[in-house]
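*Asks:* with the input below, show me the fold.
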Amino acid sequence: MATRKKQDTRTLTKKEAQQFLEILEKARRKAWKISEDPRYTSYIKKTFKTIEKKLGNIRIDYYWGRMTNFEL
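*Replies:* Okay, here's the model as predicted:
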């Protein structure tokens with residue numbers, strides 16, 4: 001019988017988590033700018049407002065401490 005090789009598991013490093021959250025914040029700010037820009041239609045502004053809220057909730061709703069082994 002063949003045995004399975006155990007995969008090494010790890011958490012995110014503090015640097016990886018910070019980089020991800022910075023990218024997320026840039027996207028959230030861009031969505032906010034589009035949602036406030038009067039040149040766009042109301043449908044686009046409403047859609048980007050929803051996207052901005054969802055991106056903001058990612059930072060709040062997830063257990064970043066657990067994902068980074070409580071380093072963040």
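*Asks:* what is the neighbour count of Trp64?
*Replies:* 19 (other CB atoms under 10 Å). Yep, even glycine has a C-beta here, placed from its N, CA and C like the rest.
*Asks:* and it, what's its pLDDT?
*Replies:* Per-residue pLDDT puts Trp64 at 85.
*Asks:* that one touches Ala17, doesn't it?
*Replies:* Yes - using CB atoms under 8 Å, Trp64 is in contact with Ala17, at 6.0 Å.
*Asks:* centre-most residue in this protein?
*Replies:* Nearest residue to the geometric centre of the chain (CA atoms, centre = their mean): Leu24, 4.5 Å.
*Asks:* which residues sit against the one helix or strand that residue maps to?
*Replies:* Per DSSP states H and E, Leu24 falls inside helix 14-36. The contact list for helix 14-36, computed with CB atoms under 8 Å, 6 or more residues apart in numbering, reads 12, 40, 44-46, 48-49, 51-52, 55-56, 58-59, 64, 67-68, 71-72.
*Asks:* again, 7 Å this time
*Replies:* In this structure, residues lying in contact with helix 14-36 by CB atoms under 7 Å, 6 or more residues apart in numbering are 40, 44-45, 48-49, 51-52, 55-56, 58-59, 64, 67-68, 71-72.
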